[in-house]
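Asks: This is a predicted model, with the sequence first.
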Amino acid sequence: MDHPQAASFRGWQKQCSWLGYNSVLVLVWLVLWKLASLMEYAPGVSIWYPPAALSLAAFIVLGARAWPAIIFVLCLTSWWVVTANDSDSTMSLIGISAFFYTLSHGGSYFIGALAARWIIAKRQYRAVHVTLAWLLLIAVLSALMSASIGTLTVWTKQYITSSEVLNVLLTWWFGDAVAVVILTPLFIALLGKRYSQVQQILDYLHFGSDGRALASYIVKLTLLIAVFACSLLLSNRLSHNGTEAYMGFAAMLILLPQLWLALTEPPLRTAMSLALLFLCVAIAVSLFDLRNIMLVMQIALLTIAAITWLVMLIPMLASDNRHLSHLANIDQLTGALLRHAFIAIANKYLDQRYTNQEPRELSLLMFDIDNFKQVNDQHGHSSGDRALQLVATQVCNSVREDDVFGRFGGDEFLILLNGTKDDGLELSKRLQQQLQINAQAELDIKLSLSFGIIELKANDTIQSAIDHADALLYKAKRDGRGRAALAGTATTKALS
Ligand SMILES: Nc1nc2c(ncn2[C@@H]2O[C@H](COP(=O)(O)OP(=O)(O)OP(=O)(O)O)[C@@H](O)[C@H]2O)c(=O)[nH]1
């Protein structure tokens, strides 16, 4: 039973951490909001709106617990905007403005987050690319909802005319959409470090550093920014002839280095490069007054971001495939090939042998640990496991890279050796000696091995070779164990 004081201390700690966490959320949200307003290319309109991504990520990670912080920042920024635009503003005007901002921004992203949480919980580790596609779609639709309610509000309040509605709606929507598509997964990753509930999402995205060299990442980032700067200059020149569409084409040039990054760097770094790229775009747009190509730019950038997120999954899926094929082919205890994988590789060797002008010598060694059942019975299964690992480590240290090592099953192993049966006999003696020394030193057990060794003939199949080696192994056991039986030799040889 918990001591009541300890429980109340933990409760107090939880409250403090909640308060601290919400304060950080408020602070970061306000910094992003200020950043967005610095990047405005027209009053109230910027190429992207990063606070939207933080709101969505906070609702996804914290659920309804993010409301106090979000309501606070929405009220505060409404007050700032209203008093800055209208010196005679009344409290009721500020209140109405804060209410509609909370409804459009807070309400939309909260509903989007509920949908995202539902999708994540429902899909539980299934087809990650489909889940990510759903998340991106939800992010874009939440942005549309937010922009629609917001535009409707400013239109009914007659801040904009009917003819401006569509343009305001689109720029508002795309500004939010660009930010939520690029930054939401990044913010989820940052917030998720603190909250274990979202670990699932991070697992989906394989977020986290995998220790790859920072220098090559910096080179790629520099290249990305350089391509962006060049394409901007190029398109700006071409746009002077009234062909603004070039701007979108130039923006698409950025896709190439961005995809390179997505394919070769971990998701977290790619997400950061996207964020940096869009920061540069936003700064360039407000510096060079590119408002005439705003929509083209936003659509191009939104496309780049969505493609990047999906392309980011390719290395992850490839590494999952590699992992699965490793699990399917490699014995987890010893690291040796499983029987079917050994046979498949050995068959390839035999095929190559027939096609080669000068076929190389190949030998097959089949061996097992003598009286292994007794090892398990007298010293326990974990000592038995360790003995199997010792054998496998010794084999790996003794054979060459082009030899093939497999576990046939239980304590039986196979080696396809590039060499004659005499080479095989040499190897078996070495393995026996090393095992005796190591098993004695590490497990305090006397162990020995028995071998059946054959040299492959021209018309041997791998199955016939295994059957032959198995019969020889049986002969070595019959002759007293700790011995090797060689094909074509009547007597078996002692290994020590
Ligand atoms: N610890 C451990 N034991 C295993 C594993 N796989 C099989 N075994 C045991 O290996 C033993 C093999 O025993 P047997 O096939 O009777 O052969 P043996 O006792 O080595 O006798 P001989 O081969 O005739 O010298 C069985 O007791 C299995 O339970 C494993 O992965 N770990």
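Replies: Cool, the structure landed. Residues are numbered from 1 along each chain as shown.

Asks: Phi, psi for the residue in the stretch 251-400 of the chain positioned nearest to the ligand please.
Replies: Residue nearest to the ligand within the stretch 251-400 of the chain: residue 384 (2.7 Å; CB to the nearest ligand atom). Using the backbone N, CA and C atoms, a C-beta is placed for each residue, glycine as well. With angles defined as degrees, to the nearest 10, residue 384 shows backbone torsions of phi -60, psi -40.

Asks: Look up how far residue 473 lies from it.
Replies: According to CB to CB, to the nearest Å, residue 384 and residue 473 sit 19 Å apart.

Asks: One more: residue 331?
Replies: Separation of residue 331 from residue 473 (CB to CB) stands at 19 Å.

Asks: okay, these two: which has more neighbours?
Replies: residue 473 (23 against 18; other CB atoms under 10 Å).

Asks: ok, the more buried one touching residue 485?
Replies: Yes. The pair residue 473 / residue 485 is scored as a contact, 6.9 Å apart, by CB atoms under 8 Å.

Asks: ok, and for the strand or helix carrying residue 138, which residues are buried?
Replies: Taking DSSP states H and E as the definition, one finds residue 138 inside helix 128-156. By neighbour count with 16 or more other CB atoms under 10 Å, helix 128-156 contains the buried residues 128, 131-132, 134-147, 149-151, 153-155.

Asks: Show me the helices in the stretch 1-150 of the chain, by range?
Replies: 4-38, 50-62, 67-85, 91-101, 108-123, 128-156 (DSSP state H, counting those that start in this stretch).

Asks: Can you tell me which helices and strands the last one packs against?
Replies: The one in question is helix 128-156. With contacts taken as 3 or more CB pairs under 8 Å, 6 or more residues apart in numbering; DSSP states H and E, helix 128-156 sits against helix 50-62, helix 91-101, helix 108-123, helix 165-192, helix 199-205, helix 294-311, helix 313-329.

Asks: next one: the fifth one
Replies: Contact analysis of helix 108-123 by 3+ CB pairs under 8 Å, 6+ apart lists helix 50-62, helix 128-156, helix 199-205 as its packing neighbours.

Asks: Would you mind putting the CA coordinates of stretch 150-166 into PDB?
Replies: What follows is stretch 150-166, C-alpha atoms only, in PDB (Å, rounded to 0.1, in the frame of the first residue of the first chain):
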ATOM      1  CA  GLY A 150     -12.400  31.900 -40.000                       C
ATOM      2  CA  THR A 151     -13.200  33.200 -43.400                       C
ATOM      3  CA  LEU A 152     -16.900  33.000 -42.800                       C
ATOM      4  CA  THR A 153     -16.400  35.000 -39.600                       C
ATOM      5  CA  VAL A 154     -14.400  37.800 -41.200                       C
ATOM      6  CA  TRP A 155     -16.900  37.900 -44.100                       C
ATOM      7  CA  THR A 156     -20.000  38.100 -41.900                       C
ATOM      8  CA  LYS A 157     -18.200  40.900 -39.900                       C
ATOM      9  CA  GLN A 158     -17.600  42.600 -43.200                       C
ATOM     10  CA  TYR A 159     -13.900  42.700 -42.900                       C
ATOM     11  CA  ILE A 160     -13.700  41.300 -46.400                       C
ATOM     12  CA  THR A 161     -16.000  41.600 -49.400                       C
ATOM     13  CA  SER A 162     -17.800  38.700 -51.100                       C
ATOM     14  CA  SER A 163     -15.300  38.900 -54.000                       C
ATOM     15  CA  GLU A 164     -12.400  38.400 -51.700                       C
ATOM     16  CA  VAL A 165     -13.900  35.300 -49.900                       C
ATOM     17  CA  LEU A 166     -12.400  32.600 -52.200                       C
END
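
Asks: residues near residue 235, how many?
Replies: By the measure other CB under 10 Å, the count of residues near residue 235 is 24.

Asks: mind checking how far whichever strand or helix holds it is from the chain centre?
Replies: Here residue 235 is covered by helix 214-239, with elements defined by DSSP H and E. How far helix 214-239 lies from its chain's middle: 26 Å, per CA atoms, centre = their mean, to the nearest Å.

Asks: what mean pLDDT would you report for that helix?
Replies: For helix 214-239, mean pLDDT is 82.

Asks: same question, stretch 63-82
Replies: Averaging pLDDT along stretch 63-82 gives 90.

Asks: Give the other helices and strands that whatever helix or strand residue 287 lives in contacts.
Replies: Using DSSP H and E, residue 287 maps to helix 267-288. If contacts are counted by 3+ CB pairs under 8 Å, 6+ apart, helix 267-288 sits against strand 40-42, helix 165-192, helix 214-239, helix 255-264, helix 294-311.

Asks: now what about stretch 392-409, what contacts it?
Replies: If you take CB atoms under 8 Å, 6 or more residues apart in numbering as the criterion, stretch 392-409 is touched by 331, 334-339, 341-343, 345-346, 349, 366, 413-418, 427, 430-431, 434-435, 438, 466.

Asks: For that stretch, C-alpha coordinates in PDB please.
Replies: Presented in PDB, the C-alpha positions along stretch 392-409 are these (Å, rounded to 0.1, in the frame of the first residue of the first chain):
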ATOM      1  CA  ALA A 392      28.600 -21.100 -33.300                       C
ATOM      2  CA  THR A 393      31.000 -18.300 -32.300                       C
ATOM      3  CA  GLN A 394      34.000 -20.600 -32.800                       C
ATOM      4  CA  VAL A 395      32.700 -21.700 -36.200                       C
ATOM      5  CA  CYS A 396      32.200 -18.100 -37.300                       C
ATOM      6  CA  ASN A 397      35.700 -17.200 -36.100                       C
ATOM      7  CA  SER A 398      37.200 -20.200 -38.000                       C
ATOM      8  CA  VAL A 399      35.600 -20.300 -41.400                       C
ATOM      9  CA  ARG A 400      36.000 -17.800 -44.300                       C
ATOM     10  CA  GLU A 401      33.300 -15.500 -45.600                       C
ATOM     11  CA  ASP A 402      32.500 -17.700 -48.600                       C
ATOM     12  CA  ASP A 403      31.900 -20.800 -46.400                       C
ATOM     13  CA  VAL A 404      28.300 -21.400 -45.400                       C
ATOM     14  CA  PHE A 405      27.300 -22.200 -41.800                       C
ATOM     15  CA  GLY A 406      23.900 -23.400 -40.800                       C
ATOM     16  CA  ARG A 407      22.000 -25.000 -37.900                       C
ATOM     17  CA  PHE A 408      20.300 -28.200 -39.000                       C
ATOM     18  CA  GLY A 409      18.200 -28.400 -35.900                       C
END
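
Asks: Just the pLDDT at the closest residue to residue 446 other than its chain neighbours, thanks.
Replies: Ranked by CB to CB, 6 or more residues apart in numbering and with sequence neighbours excluded, the top spatial neighbour of residue 446 is residue 440, at 6.6 Å. On pLDDT, residue 440 comes in at 92.

Asks: which bits of the stretch 301-450 of the chain sit near the ligand?
Replies: Applying CB under 6 Å from any ligand atom, one finds that the stretch 301-450 of the chain approaches the ligand through 333, 368-373, 376, 381, 384-385, 388, 410-411.
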